[in-house]
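**Q** missing the sequence, but the structure's below:
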DNA sequence: AGTATTTGGCGAAACGTTTCGCGCAATATG
DNA sequence: CATATTGCGCGAAACGTTTCGCCAAATACT
């Protein structure tokens, strides 16, 4: 039903090749240009991207696999990624892994089968298996937020270890020495942030007891349960560091439901999301990631690879810096 | 580089037609079936969906336009929609309108150009212009959450007016008569919820003064600013009804930053999102929408239309019911 | 002026599927 | 036993583009 390039051919008397050349920005005589443009307007012609894709082997679509689309964190990243991609004329095929690596594998296969031109993955854990999966599809792959552990692939992320170290230093400066950490224990960022936490305390000669480490999964529930346990400890730590958005959320819930209050009875330091820090009472002291930059840089990197502007094959690892959002959730106990 | 159906043909000696028949579930002799399956395995053959799409005029991809992908509300809907679609073998092409109708138009054109098999729209305002836009593409269109004002199209939503009425009744039952409402004034749901609010008060013979109506835009900022104004009123209302997630968030922020507290000085009733009600202190009393059902039903409806199981052309309007999530943000002033 | 180069245009092949219509053999029907 | 029906397979056309190689005309050089 919709007009095809053949209708344009019949209307203008020109050949398919010439019209195609026009459509792709080639040189065409001014008079022919006008003819084609008129025909296009009259027939409401639009290029059929599917047919084009078949011959060019490009779909102008990029695939995104995200560990959970429910999280504001990822929603915000997707927003910036989408904006940047749409400006470049690309579409965004999104799959939600729902925190499950098996689903993630299936989704990536699905995206490859859809012939996406490139792939951005915010992986459930470290993205090592994924590299293999994408290898023979021969399309660029960029990891976002969570990089593959053993490197060797393009990624955009923050320096998790240093960010955690600096954040922990704030607690230390406020006199805290007995600090608990609630973190995810399996995926890349959680592991790195744990290391940074330990580093900071080691730097001031403090060794943290094993029962202060809560290394579980990246979820509201885990944050909630862990904070409950911390609250009920007889020798409760003076402060808690929560290493991601969901865990922070859960921990805040637990404190709100309890009889203790922050920062009088316990100091809190969270991670991710500017909004949360305002909604909670008191305002949460937080580590904030440069979401906009992460989303944008990640897409730019991928598009460069796709359009072969970046010919060298060395993997690009873009490490962005974080900020500390001040709040009132930390008590000075010096 | 990847194997094609022609490689399978050469390997098995069968014709393209037969192999295609096998791939699409047609009847093939058992011995040939085995031959084909072996060839597929050995060559790692996978159907090229682009080529298939060119001839079938189907992409097994559906487009989603959402007014803001940053909102948890939409993220949650997208999650359930994505799950249901993936199970049916469909992909999800997502565009973010960023609260802008012009962007929304562009995005929908873009999605149509991508030849999606169907369209789900969570519109910026009422989706009236969108119907025109999609009409001659001849693909099914389902509105989610916010329906076109003058009906006549498929949609899945809640009964906004009744939900607001029931919610307001809770405030009334607790003795409140001077209630403010912060709502979006342009888009469908905000308008309906405002009506329900007015209905409930009229039912008990109360006429609300004009300065109690805050009809602005659906944003955190508007919720925040409006609540600030309410707080600083000399004749402050005893309760506030916030009619969506973002506005609720903003209002909570404003109260937290102020010197008054909830529910002692002001009662609050919010809308959307189970998590927020736990994070705030005190727990927010809220209207909760059946997100999972909304996302799933919406996809089911669309897929039925696409696969023509639903042959009758009457528009389906699916109205789901809401729940009230109890909290401690309402003071009984009877 | 004569040759070399550039410019714009064309026909045809290619991309990887599905599907239509036909034919043959095997089975079912009367 | 003759005829109708079914099951399975095949060749070829179609889907709507892009692109390759070639050609003619126009322009640029010496």
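**A** Thanks, I have the structure now. Treat the numbers as computed from the prediction; the structure is a model and nothing was measured. Numbers count the residues shown, from 1 in each chain, chains lettered A, B, ... in the order given.
**Q** which SSE is the residue lying closest to residue A:208 once chain neighbours are set aside in?
**A** The spatial neighbour of residue A:208 that comes closest, neighbours along the chain excluded (CB to CB, 6 or more residues apart in numbering or on different chains), is residue A:201 at 5.6 Å. Placement of C-beta: from N, CA and C, glycine included. If you go by DSSP states H and E, residue A:201 is part of helix A:188-203.
**Q** C-terminal to that helix, what's the next element?
**A** Downstream of helix A:188-203 (by DSSP H and E), the next one is strand A:213-216.
**Q** that following strand pairs with which strands?
**A** strand A:179-184 (parallel) (DSSP bridges).
**Q** am I right that residue A:263 sits in a helix?
**A** No. Under DSSP: H, G, I helix; E, B strand; the rest coil, residue A:263 sits outside any helix and is assigned coil.
**Q** that one: how many residues sit nearby?
**A** Counted with other CB atoms under 10 Å in any protein chain shown, the neighbours of residue A:263 add up to 19.
**Q** contacting residues for it?
**A** Shown in contact with residue A:263 (CB atoms under 8 Å, 6 or more residues apart in numbering or on different chains): A:282, A:328-331.
**Q** need the buried ones from those selected in ChimeraX.
**A** Selection of buried members from these for ChimeraX, criterion 16 or more other CB atoms under 10 Å in any protein chain shown:
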select /A:282,329,330,331
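**Q** nearest to DNA strand C among the contacts of residue A:263?
**A** residue A:329 (57.0 Å; CB to the nearest atom of the strand).
**Q** quick one: secondary structure of that closest one?
**A** coil.
**Q** how near is the closest residue to it other than its chain neighbours to DNA strand D?
**A** Spatial nearest neighbour of residue A:329, excluding adjacent residues (CB to CB, 6+ apart): residue A:268 at 4.4 Å. Using CB to the nearest atom of the strand, to the nearest Å, we find residue A:268 at a distance of 56 Å from DNA strand D.
**Q** how about the strands in the stretch 1-150 of chain A?
**A** A:61-66, A:91-96, A:118-122, A:141-144 (DSSP state E, counting those that start in this stretch).
**Q** got the contact list for the first one?
**A** Looking back up the chat, that one is strand A:61-66. So strand A:61-66 is in contact with A:74, A:77-78, A:81, A:85, A:90-97, A:104, A:107-108, A:111-112, A:114-123, A:299, A:302, A:306, B:93, B:114, going by CB under 8 Å, 6+ apart.
**Q** tell me the pLDDT at residue A:125?
**A** In this prediction, residue A:125 carries a pLDDT score of 85.
**Q** which other helices and strands contact the helix holding residue A:201?
**A** Contact partners of helix A:188-203 among helices and strands, from 3 or more CB pairs under 8 Å, 6 or more residues apart in numbering or on different chains; DSSP states H and E: helix A:160-173, strand A:179-184, strand A:213-216.
**Q** helices or strands next to the next helix or strand after the shortest one in the packing?
**A** Translated: strand A:213-216. Per DSSP H and E, the first helix or strand lying C-terminal to strand A:213-216 is helix A:220-232. Where contact means 3+ CB pairs under 8 Å, 6+ apart, helix A:220-232 is packed against strand A:179-184, strand A:213-216, strand A:239-242, helix A:245-257.
**Q** for the record, mean pLDDT for the second one?
**A** Averaging pLDDT along strand A:213-216 yields 96.
**Q** mind listing what's buried along that strand?
**A** Going by neighbour count (16+ other CB under 10 Å), the buried part of strand A:213-216 is A:214-216.
**Q** distance from that strand to the middle of the chain?
**A** Chain-centre distance of strand A:213-216: 23 Å, with CA atoms, centre = their mean, to the nearest Å.
**Q** one more: the first one?
**A** The chain centre lies 22 Å from the centre of strand A:179-184; the measure is CA atoms, centre = their mean.
**Q** out of the buried residues of strand A:213-216, which is nearest to DNA strand C?
**A** residue A:216 (44.2 Å).
**Q** residue A:224 is in contact with that closest one, correct?
**A** No. Look at residue A:216 against residue A:224 with CB atoms under 8 Å: they stay out of range, at 10.9 Å.
**Q** for residue A:137, which non-adjacent residue is spatially closest?
**A** Nearest to residue A:137 is residue A:112, by CB to CB, 6+ apart, at 4.7 Å.
**Q** let me know the distance separating that neighbour from residue B:59.
**A** 16 Å (CB to CB, to the nearest Å).
**Q** and residue A:2, what pLDDT?
**A** For residue A:2, pLDDT reads 86.
**Q** so which residues on the stretch 1-150 of chain A come close to DNA strand D?
**A** A:2, A:4-6, A:16-17, A:19-21, A:23-24, A:45-48, A:51-52, A:54-56 (CB under 7 Å from any atom of the strand).
**Q** what helix or strand is the residue nearest to residue A:329 on?
**A** strand A:267-271.
**Q** for residue A:176, same thing?
**A** Judged by DSSP H and E, residue A:176 forms part of no helix or strand.
**Q** next up, the contacts around the residue lying closest to residue A:216 once chain neighbours are set aside.
**A** Counting by CB to CB, 6+ apart, residue A:216 lies nearest to residue A:222, which is 4.2 Å off, once chain neighbours are set aside. By CB under 8 Å, 6+ apart, the contact set of residue A:222 is A:182, A:184, A:214, A:216, A:246-247, A:250.
**Q** how close does residue A:222 sit to residue A:102?
**A** Residue A:222 is 20 Å from residue A:102, by CB to CB.
**Q** likewise residue A:237?
**A** Distance from residue A:237 to residue A:102, by CB to CB: 36 Å.
**Q** again, but for residue A:219
**A** Distance from residue A:219 to residue A:102, by CB to CB: 17 Å.
**Q** for residue A:44, same thing?
**A** Counting by CB to CB, the gap between residue A:44 and residue A:102 amounts to 45 Å.
**Q** again, but for residue A:180
**A** 32 Å.
**Q** same question for residue A:72.
**A** For residue A:72 relative to residue A:102 (CB to CB), the value is 25 Å.
**Q** got it, and residue A:201?
**A** 37 Å.
**Q** again with residue A:154
**A** Distance from residue A:154 to residue A:102, by CB to CB: 24 Å.
**Q** so for those two, which residue has more residues nearby?
**A** Counting neighbours by other CB under 10 Å for residue A:154 and for residue A:102 shows that residue A:154 has the greater number, 23 against 10.
**Q** identify the residues contacting that one.
**A** Applying CB under 8 Å, 6+ apart, the residues near residue A:154 are A:140-143, A:301-302, A:305, A:315-317.
**Q** one more pass at 7 Å, please.
**A** By CB atoms under 7 Å, 6 or more residues apart in numbering or on different chains, residue A:154 lies in contact with A:141-143, A:301, A:315-316.
**Q** same question, residue A:92
**A** Contacts of residue A:92 (CB under 7 Å, 6+ apart): A:62, A:64, A:81-82, A:85, B:93-94.
**Q** likewise residue A:104?
**A** A:65, A:97, A:123-124.
**Q** which pair of those spans the longest distance?
**A** A:65 and A:124 (8.9 Å; CB to CB).
**Q** shared neighbours of those two, anything?
**A** A:97, A:104.
**Q** the helix-or-strand element of chain A with minimal mean pLDDT and chain B, any residue contact?
**A** None of the helices or strands of chain A scores lower by mean pLDDT, DSSP states H and E than helix A:274-279, at a mean of 74. Yes. Using CB under 7 Å from any CB of the partner chain, helix A:274-279 reaches chain B at A:275, A:278-279.
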